[in-house]
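Enquirer: Give me a model of this one.
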Amino acid sequence: MTVGRVASSPTPDQFSGRGHLLTEQVNPRSQNLDQLSSLELVDLFNQEDAQVIAAIAAARSELAQAIDRSAEALRQGGRLFYVGAGTSGRLGVLDAAECPPTFCTPPELVQGIIAGGAGALVRSSEDLEDRAEDGKAAIAQRQITALDVVVGIAAGGTTPFVHGALEAARERGATTVFIACVPAEQVSAVVDVDIRLLVGPEVLAGSTRLKAGTVTKLALNILSTSVMVHLGKVYGNRMIDVAVTNHKLHDRALRILQDLTALDRQAAAGLLEKSGRSVKLALLMHWTGLNREQGEQLLEQHQGNLRQAVSSSSGQPS
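Expert: Modelled structure (predicted):
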């Protein structure tokens, strides 16, 4: 749906009038918002949020393209970047920040870039989103290459910071993805994958931290988790690359080992320590009889994919 667009990227001048954008329109179902009771408000928000699931379903093919292209890029040594401003930028930073503890990825593998930098995470810096040159500079600063994937997130589709970053990334040969909550005929984008999450006008007109923010969070959840599944960081539906860095995650690691090996908790704890607190390696050692060094070598041969590593050996998971 999105590969090979020839239209040029929009310019800030094109954004002077935004009332026609889907995300800026007035929702007829909430015109009496200030007169509703608390229970009526909850019901209205709940009814409107139901559109989020439908929007994800409508963009399923584009999401799958983004997953496939991102997974392949990361296999080849590339990185995944989210670029946004305001709510969109914060959601990208959040998703990136949650990858290391969940999948034990290095912090540089998935990164969030927000207009205004780290300070914009806790204090509004929305005026900085109008600087396309800052988006371009952020791409240059991180030395984006053709191996990387850059996902631009702009609920209303017009953020100059995001378009500047996408343009710079495209010039460097990176794979580009655009996520917006307005139709392509309202705001075009020159990208490899164009994801449109159409949830309609907000309950509070123009407040894209609501449905637009929710659907963006769901899309990023699907994108990053699915990429990690393809990279072999999941076995069945277990996070076998979980970073064992606190009591909660240590308990989760032990329960994963107990469930998949039928070991008791004490034996699972011993196995986890022998593996250097790597659930994936512990499972491989248990199923194959390999020691830690041998297991690490086998996993490296299979790019960290546990199922492939087990299948290549004489071990068979129970």
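Enquirer: can you list the weak-confidence ranges in the stretch 201-318 of the chain?
Expert: 314-318 (pLDDT under 70).
Enquirer: show me where it has helices.
Expert: Applying DSSP state H, counting those that start in this stretch to the stretch 201-318 of the chain gives helices spanning 211-230, 247-261, 265-274, 279-288, 292-301, 306-312.
Enquirer: quick one: which of these is nearest residue 136?
Expert: With Cβ to Cβ as the measure, helix 211-230 is the member of these nearest residue 136 (22.7 Å). To be clear about C-beta, it is placed using only N, CA and C from the backbone, and glycine gets the same treatment.
Enquirer: got the CA positions of the closest one in PDB?
Expert: The C-alpha trace of helix 211-230 is given here as PDB (Å, rounded to 0.1, in the frame of the first residue of the first chain):
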ATOM      1  CA  LYS A 211      -7.900   7.200  21.000                       C
ATOM      2  CA  ALA A 212      -4.900   8.100  18.700                       C
ATOM      3  CA  GLY A 213      -2.500   7.600  21.600                       C
ATOM      4  CA  THR A 214      -4.200   4.300  22.600                       C
ATOM      5  CA  VAL A 215      -4.100   2.900  19.000                       C
ATOM      6  CA  THR A 216      -0.500   4.000  18.600                       C
ATOM      7  CA  LYS A 217       0.500   2.200  21.800                       C
ATOM      8  CA  LEU A 218      -1.200  -1.000  20.600                       C
ATOM      9  CA  ALA A 219       0.600  -0.800  17.200                       C
ATOM     10  CA  LEU A 220       4.000  -0.300  18.800                       C
ATOM     11  CA  ASN A 221       3.300  -3.200  21.200                       C
ATOM     12  CA  ILE A 222       2.500  -5.400  18.200                       C
ATOM     13  CA  LEU A 223       5.500  -4.200  16.200                       C
ATOM     14  CA  SER A 224       8.300  -4.500  18.700                       C
ATOM     15  CA  THR A 225       7.000  -7.800  20.300                       C
ATOM     16  CA  SER A 226       6.500  -9.400  16.900                       C
ATOM     17  CA  VAL A 227      10.000  -8.400  15.800                       C
ATOM     18  CA  MET A 228      11.500  -9.900  18.900                       C
ATOM     19  CA  VAL A 229       9.500 -13.100  18.300                       C
ATOM     20  CA  HIS A 230      11.100 -13.300  14.800                       C
END
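Enquirer: in that helix, what's buried?
Expert: By 16 or more other Cβ atoms under 10 Å, the buried positions in helix 211-230 come out as 211-220, 222-228, 230.
Enquirer: do stretch 86-99 as well
Expert: Under the neighbour-count criterion of 16+ other Cβ under 10 Å, stretch 86-99 has 86-93, 95-96, 99 buried.
Enquirer: which of these lies closest to residue 243?
Expert: After measuring the buried residues of stretch 86-99 against residue 243 - Cβ to Cβ - the closest member comes out as residue 99, at 10.0 Å.
Enquirer: where's residue 43 relative to residue 284, distance?
Expert: Distance, residue 43 to residue 284, using Cβ to Cβ, to the nearest Å: 50 Å.
Enquirer: Same drill for those two, tell me which one is more crowded.
Expert: More crowded of residue 43 and residue 284, by other Cβ atoms under 10 Å: residue 284, with 27 against 12.
Enquirer: so what's the closest residue to the more buried one other than its chain neighbours up against?
Expert: Among residues not flanking residue 284 along the chain, residue 295 sits closest, at 4.6 Å (Cβ to Cβ, 6 or more residues apart in numbering). With contact taken as Cβ atoms under 8 Å, 6 or more residues apart in numbering, residue 295 is in contact with 275, 281, 284-285, 288, 309.
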